[in-house]
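Asker: give me the fold of what follows.
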Amino acid sequence: MRIGKQEQSYTAIATSDAESITVRGYDLCDDLIGKINFTDYFWLLVLGEKPTAAQRDMMDACLVAIAEHGLVPSVQAARMTLAAGPDAWQGAMSAGLLGMGSVVAGSSEVAGRYLAEIIAKAEADGTDIETAAIASLKEHKAQRKKVAGLGHPQHSGGDPRADRLLVIADELGVSGKYIETLRVLGDHATDIIERPLPINVSGAIPACILDAGWPLDAIKAVPLLARAAGLSAHLFEEAQRSIGFIMSHKADVAISYDGKPSARQSTAAE
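Answerer: Residues are numbered from 1 along each chain as shown. Predicted coordinates:
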């Protein structure tokens, strides 16, 4: 398709007229406001249908697990932005969300696509998940690549958030091929890669929601929505008692200059 040429000028999400607002086939005021919780509404907005109780509870658990993670880079970016522009909550929130890439928070999407890749490989080769997962791990070791969804710098013995989400998935009866694939990777990775590689929360989240019926192409929406809640807490606290410039100063002190000296510095050093 050429840029600018789009033939289907439709949306199935929402419409309105003088008397009503319709969202995914429901009247916003009569059917949704005050009658649906936000997780159900999130699911409805994205997929066009309300979740089952198990789907809702699984999504709820994942949103809670990833919403807050302390003063990670995206949070620091948001807080320092608000310190510099106290009236710009939207700018500070944007700074935090833009900092969610393949290393932090956005890593859930990377892990989800990796799980889907292993499943597709097993199906294409007519083999089982374990064979495909082991082959992939060996390939990762040979290429010295990071294994998406596994490993944690602090929780080397196992990420407690991931462990809890997988237990919930089992209890809700949503565990399927994605969680099976993740667990197989977790069973073999440490021995093959030869370093501790437990399942982490970025692996558990996509495995759980994909098995629950969430689409692969919408995985990134989940950590974005969750972290928006955590960022809201940090920005409110930043507005009440700012630490943005403290963090900025600490960074300035911690980082040493190793570039070329100026003429003045060279002369002073002689």
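
Asker: which parts of the chain are strands?
Answerer: 14-16, 21-23, 26-27 (DSSP state E).

Asker: just checking: what are the partner strands of the last one?
Answerer: Read it as strand 26-27. Strand pairing for strand 26-27, using DSSP bridges, gives strand 21-23 (antiparallel).

Asker: so which residues make contact with the strand it pairs with?
Answerer: Here strand 21-23 makes contact (C-beta atoms under 8 Å, 6 or more residues apart in numbering) with 13-16, 27-29, 32, 44-45. Heads up, the C-betas are built off the backbone N, CA and C, glycines and all.

Asker: can you tell me how far Leu63 sits from Ala226?
Answerer: Distance of Leu63 to Ala226, computed by C-beta to C-beta, to the nearest Å: 5 Å.

Asker: can you check Arg113 too?
Answerer: Per C-beta to C-beta, Arg113 is found 19 Å from Ala226.

Asker: which one's more surrounded, those two?
Answerer: Ala226 (22 against 14; other C-beta atoms under 10 Å).

Asker: quick one: the more buried one and Met59 touch, right?
Answerer: No - using C-beta atoms under 8 Å, Ala226 is not in contact with Met59; the gap is 9.9 Å.

Asker: about what we covered before: adding mean pLDDT, write the strands of the chain out as TSV.
Answerer: Below are these laid out as TSV (pLDDT from 0 to 100):
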stretch	mean pLDDT
strand 14-16	97
strand 21-23	98
strand 26-27	98
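
Asker: how about those in CSV, adding mean neighbour count and distance to Gly173?
Answerer: Conversion of those to CSV gives the following (neighbours: other C-beta atoms under 10 Å; distance: least, C-beta to C-beta, whole Å):
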stretch, mean neighbour count, distance to Gly173
strand 14-16, 11, 32
strand 21-23, 16, 29
strand 26-27, 15, 27
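
Asker: can you put these in a markdown table and add distance to Ala204?
Answerer: Below are the strands of the chain laid out as a markdown table (distance: least, C-beta to C-beta, whole Å):
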| stretch | distance to Ala204 |
| --- | --- |
| strand 14-16 | 32 |
| strand 21-23 | 31 |
| strand 26-27 | 32 |
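
Asker: nearest to Ile36, out of the ones you listed?
Answerer: Closest of the strands of the chain to Ile36 is strand 26-27, at 8.3 Å (criterion: C-beta to C-beta).

Asker: how distant is the closest one from the center of its chain?
Answerer: Counting by C-alpha atoms, centre = their mean, to the nearest Å, strand 26-27 is centred 30 Å from the centre of its parent chain.

Asker: now swap in stretch 8-23 and tell me
Answerer: The answer for stretch 8-23 is 29 Å, by C-alpha atoms, centre = their mean.

Asker: contacts for stretch 167-185?
Answerer: With C-beta under 8 Å, 6+ apart, stretch 167-185 has contacts from 54-55, 57-58, 61, 112, 115-116, 118-119, 129-130, 133-134, 136-137, 147, 149-150, 166, 199, 203-204, 206-208, 210-212.

Asker: so where's the stretch 101-250 of the chain shaky on pLDDT?
Answerer: Within the stretch 101-250 of the chain, the ranges that satisfy pLDDT under 70 run 105, 152-156.

Asker: if we go to 80?
Answerer: For the stretch 101-250 of the chain, applying pLDDT under 80 flags the ranges 101-106, 152-158.

Asker: domain parsing for this structure?
Answerer: When the chain is parsed with automatic domain parsing, its domains come out as 9-50, 52-243.

Asker: pick the most deeply packed of those domains.
Answerer: Compared across the domains of the chain, domain 52-243 shows the largest average neighbour count, a mean of 18 (mean count of other C-beta atoms under 10 Å).
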